[in-house]
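Trainee: dropping the sequence and predicted coords here.
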Amino acid sequence: MLAAPFFGHRTESGRLVVCALQGFDENPNFLSSEPLPDEVSDYQLGINSFLMPHAVQSVEDGLMRQSAVKSATYCTTVDLQGETCLFYIAPEIHNVPRHTGNYDHIQYRRGCVVASLATGGYWNSALRGVCFRSWMKGHVCNQTVWTGGTIGWRLSATSIPVYSAPNIKVNNVKDVIVGTGIDDPNQLSTLNPDFFSTGVKFVSQSNTETYSCAVAVGHEYRNLIVAANYGTRYHSNNGRSAFMDTMLPEISERPTMSRSDAVSAIINLHLNGPAMDVW
């Protein structure tokens, strides 16, 4: 016997199922399929009303260690051997801040988490992503996000949960790189990072740019990239992002060389710098 409210439903194959509504709310707030900008900002700043359930913690930890989306701290474009390449710095992380106690860049790390969850429609189609989304919107239901209402809501952008959705065409690309942030999560929802694919998408505010080549570089390129961008972190920057901001601090560097000299130095360092270990 079911202890929770329930209703009958017929699947697309014609099978009859019973859908339980554990933690049912008479006035649900399921009016959008993604968190609002304020909810994203609250998460990045750590001022959420509800404690983070273990299921959500595991998603955050995994995406901090190995994010599907690279969030560049600095980047610029350079014409290299006949094609325009994106040179970018994206720090790696092997331990999560909660374990190390180093919270200096927590807002940036959590921006990476949000960007990864938005990619490929993950928080609309994968249960772990939906759990994270429901927590951000306050649907915690006594420390558990594994509720009938949440599972029913997983593919729904309406006030009434539904259990099916049309297939969304996903664009496989080798890398998705975010600059200062994104204005709309739908910029990422059709992009699926896949190591074996080709092409690179750079997203910054409302801009989405495509490159065939992206080069991850170290901190020794930082001042050169700033000079190549006339004193800014990014070659493409329209101001503060509307949906999710990487919350990086203002830079104190001031370019000490011209853009042309900086670009030449980047190319020279890339082509003639220390060789990578072939293994």
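Mentor: Okay, I see it.
Trainee: Pro37 - nearest residue in space that isn't next to it in sequence?
Mentor: The shortest distance from Pro37 to any non-neighbouring residue, by C-beta to C-beta, 6 or more residues apart in numbering, is to Phe243 (5.2 Å). Every C-beta, even on glycine, is put in place using the N, C-alpha and C of the backbone.
Trainee: do the same with Val217
Mentor: Nearest one to Val217, counting by C-beta to C-beta, 6+ apart, is Phe87 at 5.5 Å.
Trainee: does that neighbour touch Gly218 like I think?
Mentor: No: Phe87 is beyond contact range of Gly218, at 10.8 Å (criterion: C-beta atoms under 8 Å).
Trainee: looking at the two, which one has more neighbours?
Mentor: Phe87 (26 against 10; other C-beta atoms under 10 Å).
Trainee: after the helix or strand bottoming out on mean pLDDT in the chain, which helix or strand is next?
Mentor: When each helix and strand of the chain is scored by mean pLDDT, DSSP states H and E, helix 148-153 comes last, with a mean of 53. Once the chain leaves helix 148-153, the next helix or strand it forms, by DSSP states H and E, is strand 171-173.
Trainee: ok so, going back, what about dumping the CA coordinates of the helix or strand containing the residue nearest to Val217 to PDB?
Mentor: Secondary structure assigned from DSSP H and E places Phe87 in strand 83-89. Only the C-alpha atoms of strand 83-89 are listed here, as PDB (Å, rounded to 0.1, in the frame of the first residue of the first chain):
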ATOM      1  CA  GLU A  83      44.000  29.200 -38.100                       C
ATOM      2  CA  THR A  84      42.700  31.200 -35.200                       C
ATOM      3  CA  CYS A  85      43.400  29.400 -31.900                       C
ATOM      4  CA  LEU A  86      42.200  30.200 -28.500                       C
ATOM      5  CA  PHE A  87      44.900  30.300 -25.800                       C
ATOM      6  CA  TYR A  88      43.500  29.900 -22.300                       C
ATOM      7  CA  ILE A  89      44.400  29.300 -18.700                       C
END
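Trainee: report the buried residues of that strand.
Mentor: Using 16 or more other C-beta atoms under 10 Å as the test for burial, strand 83-89 gives Cys85, Leu86, Phe87, Tyr88, Ile89.
Trainee: for that strand, name the packing helices and strands.
Mentor: On a contact count with 3 or more C-beta pairs under 8 Å, 6 or more residues apart in numbering; DSSP states H and E, strand 83-89 meets strand 74-80, strand 207-211, strand 213-216, helix 222-228.
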